[in-house]
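> what shape does this take:
(one chain, ligands or ions: 1)
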Amino acid sequence: MPQEVITDRLLRSWLRCRRRAWLDRHGDPDRRLWTAHRALALSDQLASFQRLLPERPGHGVAACAAGAPGVVGVRLRSPGPAGQELQAHPPLLQRVPGRSVWGDHAYRPVLGKQGRNLTREHRLVLTLWGRLLAQLQKAPVPQALVVASDGRGLQQERLSLSPSLERQLDDSLARLASDLQRPQPPPLVADRKKCVLCSWRGLCDQEAAAQGHLSEVSGIGGRRREMLLELGITTLAELAASDPLQLAEALAVHGDQHADVAAQLVAQARVQASGQPLRLDPAGLDAPLPELDQAPGVLLYDIESDPDARDDFLHGFVVLPRGGDGSWPAAPPAGGAWRYQPLLARHDHGEARLWQRLRRLLARYPGWPLLHYGETEAVALVRLAGRQGASQAELAALRSRLVDVHARVRRHWLLPVSSYGLKAVAIWVGFRWSQPGVDGARCLLWWRQWRRDGGTRRLQRIFTYNRDDNLATWAVVRWLLDQRP
Ligand code: SF4
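Sure thing, here's the model as predicted:
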């Protein structure tokens, strides 16, 4: 592609992160990682479009001329304000009343979004589509349409393509063009939470680690990083060398909540710089998991969810009995496996049936703690039981069985990890997932594909991923147990 071409995809990348657009244009394509997020977004968008226009859409400019209600596959191009060529490929055009080059009808662009909010990225990409479409149909495009599917149906929102949006688009295109001319990529994005969704994350993680970027310190997001930069602390090593009291005083101007965590941030940076974990209770008298002392076994528990549909579609358990000698096993018995019990929350079966199955399973292992990583499982299970009319005594018993391993790790240890999520901590203790490169987004994609098309293999892969998450939780538990003085 010639350097002067700017596409809607490039604009989208740039609006998320300036560095990303530069890498899209100049980066080594072999360094890109596949991410399921784009496939998920496209499948969501397709589902929304099918609800909006149940008939099959027409294809290309010929379908616009014929007045099809919906049209896909139209490629738009036009000279840009700074001499570049602009190219765009809107995913759907919807016929609207009005006069155009095609007669007594015109079109407007439609975008399918995930999440609730209409972002600047949505607005400016729609403005670009509207501008190029107006040139093609020789008629203005005053409005665009945004659609989103949620549990309640199809949400539709009209966006006025105002002169102010046009100005913002011109400004963004000019800055994007200038960024693309840079010999080196722009810096890492300030808030690296966004990087989870980005195909360049492998490359940028490496860069962040090499630089000792402050975002590598667990607990530092975009805002705190800015505060530290203002104080002249630019790297993990400089934070590790800081005086916690002085730092707390300096951060107090931004609010007590920042001053209060100063000592913790310095301690975390020191642990990461040294690579050595730090016990928060140096004598080790406070056991992290006292529930396991007398337990005959544990149930490892992990939920897979579709957040947009607010659907916890899989409750997966691994049944892990205590060894005959009273010890906790590090791995399944030779040649065997711990029993894995997946409970699918099928809509056609209803929640009452799911709750009965969960209840039966839990009753089969009385007194066995339910170990999970993060608060999702506890919140979801207790809510589900409440909705199904569990008594106060039953809810209290359920709560007392649930043990959040993540909370215990945080309460007892500082670890040399940049995140205390299950992936980072389990990998640090040496656990490896049996399906490399699979993450929650990929699992969700398989689930949606399974619901649409079926397929035993897809379901099996979801179960394997869920079982591995449970085994990863156990690897962290084992590490905690092994550190007992
Ligand atoms: S991984 Fe993060 S910093 Fe790197 S390009 Fe993507 S969003 Fe930007």
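> mind listing what's buried in stretch 76-89?
Leu76, Gly80, Gln84, Leu86, Gln87, Ala88 (16 or more other CB atoms under 10 Å). All C-beta spots, glycine's among them, are computed from the backbone N, C-alpha and C.
> what does stretch 271-278 give?
So for stretch 271-278, counting by 16+ other CB under 10 Å, buried means Val271, Gln272, Ala273, Pro277.
> for stretch 138-156, same thing?
For stretch 138-156, a neighbour-count test (16+ other CB under 10 Å) marks Ala139, Val141, Pro142, Ala144, Leu145, Val146, Val147, Ala148, Ser149 as buried.
> tell me, how many neighbours does Ala330 end up with?
As a burial measure, Ala330 scores 11 neighbours (other CB atoms under 10 Å).
> that one contacts Leu481, correct?
No - applying CB atoms under 8 Å, one finds Ala330 not in contact with Leu481, separated by 9.4 Å.
> quick one: low-confidence ranges for the protein?
1-3, 151, 284 (pLDDT under 70).
> mind giving me the domain split of it?
5-26+35-180, 212-276, 290-482 (automatic domain parsing).
> mind putting the ones you listed into CSV with distance to Gln206?
What follows is the domains of the chain, written out as CSV (distance: least, CB to CB, whole Å):
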stretch, distance to Gln206
domain 5-26+35-180, 13
domain 212-276, 11
domain 290-482, 12
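> which one of those domains lies nearest to Lys193?
Nearest to Lys193 among the domains of the chain is domain 212-276; the distance by CB to CB comes to 6.7 Å.
> any idea which of the domains of the chain gets closest to Trp200?
domain 5-26+35-180 (4.9 Å).
> what about the closest one and the ligand, touching?
Yes - using CB under 6 Å from any ligand atom, domain 5-26+35-180 reaches the ligand at Cys17, Arg19, Arg20, Leu23.
> residues contacting the first one?
Contact partners of Cys17, counting by CB atoms under 8 Å, 6 or more residues apart in numbering, are Val189, Lys194, Cys195, Cys198.
> from the ligand, how far out is the closest residue to Gly60 other than its chain neighbours?
Distances taken as CB to CB, 6 or more residues apart in numbering place Gly73 nearest to Gly60, at 5.0 Å, with adjacent residues excluded. Here Gly73 is placed at a distance of 29 Å from the ligand (CB to the nearest ligand atom, to the nearest Å).
> ditto for Arg458
Separation of Arg458 from the ligand (CB to the nearest ligand atom) stands at 28 Å.
> same check on Leu42?
Applying CB to the nearest ligand atom to Leu42 and the ligand gives a distance of 19 Å.
> now swap in Leu118 and tell me
For Leu118, the distance to the ligand - CB to the nearest ligand atom - is 21 Å.
> what is the burial count for that residue?
By other CB under 10 Å, neighbour count at Leu118 equals 15.
> tell me the SS of the closest residue to Gln388 other than its chain neighbours?
Spatial nearest neighbour of Gln388, chain neighbours left out: Trp355 (4.1 Å); criterion: CB to CB, 6+ apart. Using DSSP: H, G, I helix; E, B strand; the rest coil, the structure places Trp355 in helix.
> burial check on Trp355, number of neighbours?
Counted with other CB under 10 Å, Trp355 comes out at 18.
> and the helices in the stretch 101-250 of the chain?
120-137, 163-180, 201-211, 222-230, 236-240, 244-251 (DSSP state H, counting those that start in this stretch).
> contacting residues around the third one?
When contacts are defined by CB under 8 Å, 6+ apart, helix 201-211 is touched by residues 19, 23, 27, 31, 33, 188, 192, 195, 198, 213, 215-216, 235.
> does that helix come close to the ligand?
Yes - using CB under 6 Å from any ligand atom, helix 201-211 reaches the ligand at Arg201, Cys204.
> ok, now which ones touch Pro90?
Contacts for Pro90 (CB under 8 Å, 6+ apart) come out as Asp8, Val74, Leu76, Pro109, Val110, Leu111, Trp129, Leu133.
> out of those, who's nearest Thr464?
Scanning those for proximity to Thr464, where the rule is CB to CB, the winner is Leu111, at 34.9 Å.
> distance of the nearest residue to that closest one once chain neighbours are set aside from Ala88?
Using CB to CB, 6+ apart and skipping residues adjacent in sequence, the residue nearest Leu111 is Val146, 5.2 Å away. For Val146, the distance to Ala88 equals 16 Å [CB to CB, to the nearest Å].
> repeat for Val318
The gap separating Val318 from Ala88 is 48 Å, by CB to CB.
> surely Ala177 and Pro81 touch.
No - using CB under 8 Å, Ala177 makes no contact with Pro81, being 9.0 Å away.
> burial count for Trp14?
Neighbours of Trp14 under the rule other CB under 10 Å: 26.
> element containing it, please.
Secondary structure from DSSP states H and E places Trp14 in helix 8-16.
> same for that helix, what does it pack against?
Contact analysis of helix 8-16 by 3 or more CB pairs under 8 Å, 6 or more residues apart in numbering; DSSP states H and E lists helix 18-26, helix 120-137, helix 163-180 as its packing neighbours.
> now those helices in TSV, with mean neighbour count and distance to Arg399?
Formatted as TSV, the helices and strands packed on helix 8-16 follow (neighbours: other CB atoms under 10 Å; distance: least, CB to CB, whole Å):
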stretch	mean neighbour count	distance to Arg399
helix 18-26	21	43
helix 120-137	22	41
helix 163-180	16	50
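> leaving out sequence neighbours, find the closest residue to the residue lying farthest from the centre of the chain.
Residue farthest from the centre of the chain, counting by CA atoms, centre = their mean, is Gly103 at 44.7 Å. Spatial nearest neighbour of Gly103, excluding adjacent residues (CB to CB, 6+ apart): Gly67 at 7.1 Å.
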